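Q: From the sequence below, what's the structure:
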Amino acid sequence: MTSNCMEDKLFEDSQLIIFTDGGSRGNPGPAAIGVVIGTKKYGMNIGSTTNNVAEYKAVVFALKKAKQLLGKTTAKKTDLLVHGDSELLYKQMRGEYKIKEPDLQQLFIEVWNLKQDFGSVKFVKIPRAQNAEADSVLNEVLDGRGDHLQETAQLF
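A: Here you go, the predicted structure:
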């Protein structure tokens with residue numbers, strides 16, 4: 001299989017590992033997302049919202065950005081492993097928890113639809129300590145220190 005340089009940097013064997021984190025200070029309060037795709041780090045403020053909404057928005061951003069980076073054809077052949085430390089989000093995505101909040105229901109549907117753009121998408125719940133890089137990105141944004149992060153197009 002022929003691949004371009006961007007793909008080589010992001011994944012091997014048609015599998016892409018992504019780390020996501022979302023958080024707010026105050027719950028609800030000022031919120032941000034942090035996403036790590038390969039060696040690329042993305043972070044952005046998302047206004048005032050809850051931790052759970054921020055977690056979902058991080059996944060939405062990650063899936064849109066992965067498709068943008070890979071291109072439509074390659075994305076369709078790529079299996080994603082989306083790592084994060086939000087038990088609620090990952091259990092909802094696997095159908096283990098019901099989704100009661102209307103805001104989360106809409107975001108769930110958006111994530112579900114975005115999953116169709118890839119070969120497969122598997123959500124992996126990891127301990128917070130293993131998600132330190134994505135957490136660091138979101139905290140840098142919330143602290144106003146995220147100037148060194150990759151440029152992020154408005155994907156929402």
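
Q: Where does pLDDT dip in the protein?
A: 1-13, 148, 150-156 (pLDDT under 70).

Q: Closest to the centroid, which residue in it?
A: Val59 (3.0 Å; Cα atoms, centre = their mean).

Q: Can you give me the buried ones in the helix or strand hosting Asn52?
A: Here Asn52 is covered by helix 51-70, with elements defined by DSSP states H and E. Neighbour-count burial for helix 51-70, with 16 or more other Cβ atoms under 10 Å as criterion, is recorded at 51-67, 69-70. The way it works is simple: take the backbone N, C-alpha and C, and place the C-beta from them, glycine included.

Q: what's the answer for stretch 127-145, then?
A: Result for stretch 127-145 [16+ other Cβ under 10 Å]: buried residues 131, 134-142.

Q: what's the answer for stretch 98-105, then?
A: Those would be 99, 104, for stretch 98-105 by 16+ other Cβ under 10 Å.

Q: quick one: contacts for the closest residue to Ile33 other than its chain neighbours?
A: Nearest residue to Ile33 in three dimensions, chain neighbours excluded: Ala58, at 3.9 Å (Cβ to Cβ, 6 or more residues apart in numbering). Residues near Ala58 by Cβ atoms under 8 Å, 6 or more residues apart in numbering: 20-22, 33-35, 84, 134, 138.

Q: in this protein, which spans are helices?
A: For the chain, helices defined by DSSP state H occupy the ranges 5-10, 51-70, 72-76, 87-93, 102-115, 132-142.

Q: Out of those helices, which gets nearest to Lys125?
A: Lys125 sits nearest to helix 87-93 of all the helices of the chain, at 4.2 Å, using Cβ to Cβ.

Q: Send me that closest one as PDB with only the CA atoms.
A: Taking Å, rounded to 0.1, in the frame of the first residue of the first chain, the C-alpha atoms of helix 87-93 are listed here in PDB:
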ATOM      1  CA  GLU A  87     -16.100   6.900  32.100                       C
ATOM      2  CA  LEU A  88     -19.500   8.400  31.200                       C
ATOM      3  CA  LEU A  89     -18.700   9.100  27.600                       C
ATOM      4  CA  TYR A  90     -17.000   5.800  26.900                       C
ATOM      5  CA  LYS A  91     -19.800   3.800  28.600                       C
ATOM      6  CA  GLN A  92     -22.400   5.800  26.700                       C
ATOM      7  CA  MET A  93     -20.600   5.200  23.400                       C
END
